[in-house]
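Trainee: return a 3D structure for these sequence lines:
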Amino acid sequence: MPTELTILAFAMVLLMVHVFAAVHLKTRQYGKTWNMGARDEALPPLEPVAGRLVRAQANFLETLPVAIVALLGVVLAGRTSPTTALGGWIWLGARIVYLPLYGFGVPKVRTLVYMVSLVGLGMALWPLLAA
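Mentor: Predicted structure coming up:
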């Protein structure tokens, strides 16, 4: 199996970590009734850490489609290489590091890590653009 597909599988695990981390803190703040309800009611603002985890999840969801297209695309196009695999690992590793940095509210370093993840995406996507 191509490495790029393994990276995507781990990315789906990371997506679930994002979802559960954010929902866990939201449920702790708003209660189990909110979690199991329709969530239609107006709520007070999220506490800082919960808010950061929700924003980190949204940020991950912004780059995940690009990663899926890049990593799956190079597999389907037969353009995988050590560079596309490395780019995928860089993206995934940076995204793993990004979550706790955002959760703990670490500025600047978090942005640098995000930029590293974009470099990894570029490495994975480039063979599809340079065809």
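
Trainee: pretty sure G103 is touching R55, no?
Mentor: No. Using CB atoms under 8 Å as the test, G103 is too far from R55 to be in contact (9.9 Å). No exception for glycine: its C-beta is placed from N, CA and C like everyone else's.

Trainee: out of these two, which sits in the more crowded spot?
Mentor: Legend: neighbour count by other CB atoms under 10 Å for G103 and R55, higher for G103 (19 against 14).

Trainee: where exactly do the helices run in the protein?
Mentor: Assigned helices in the chain, in chain order: 3-30, 32-36, 48-76, 82-103, 109-129 (criterion: DSSP state H).

Trainee: I'd like the average pLDDT over the second one.
Mentor: Across helix 32-36, the average pLDDT comes to 90.

Trainee: do the same with the third one
Mentor: Averaging pLDDT along helix 48-76 yields 97.

Trainee: now find how far off-centre that helix is within its chain.
Mentor: Relative to the chain's own centre, helix 48-76 is displaced by 4 Å; criterion: CA atoms, centre = their mean, to the nearest Å.

Trainee: check stretch 124-131 too.
Mentor: 21 Å.

Trainee: mind listing residues that contact it?
Mentor: If you take CB atoms under 8 Å, 6 or more residues apart in numbering as the criterion, stretch 124-131 is touched by 4, 66-67, 69-71, 73-74, 77, 79, 81, 83-84, 87-88, 91.

Trainee: which of those lies closest to T27?
Mentor: Top of the list for closeness to T27, among the contacts of stretch 124-131 and by CB to CB, is A67 at 28.1 Å.

Trainee: isn't the closest one up against A9?
Mentor: No. Checked against CB under 8 Å, the pair A67 and A9 is beyond contact range at 12.0 Å.

Trainee: so which of these two has more stuff around it?
Mentor: Taking other CB under 10 Å, A67 and A9 do not tie; A67 has more neighbours (24 against 9).

Trainee: out of the helices of the chain, which one sits most buried?
Mentor: helix 82-103 (a mean of 20; mean count of other CB atoms under 10 Å).

Trainee: next, format the helices of the chain as TSV and append distance to A42.
Mentor: Formatted as TSV, those follow (distance: least, CB to CB, whole Å):
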stretch	distance to A42
helix 3-30	11
helix 32-36	11
helix 48-76	16
helix 82-103	25
helix 109-129	30
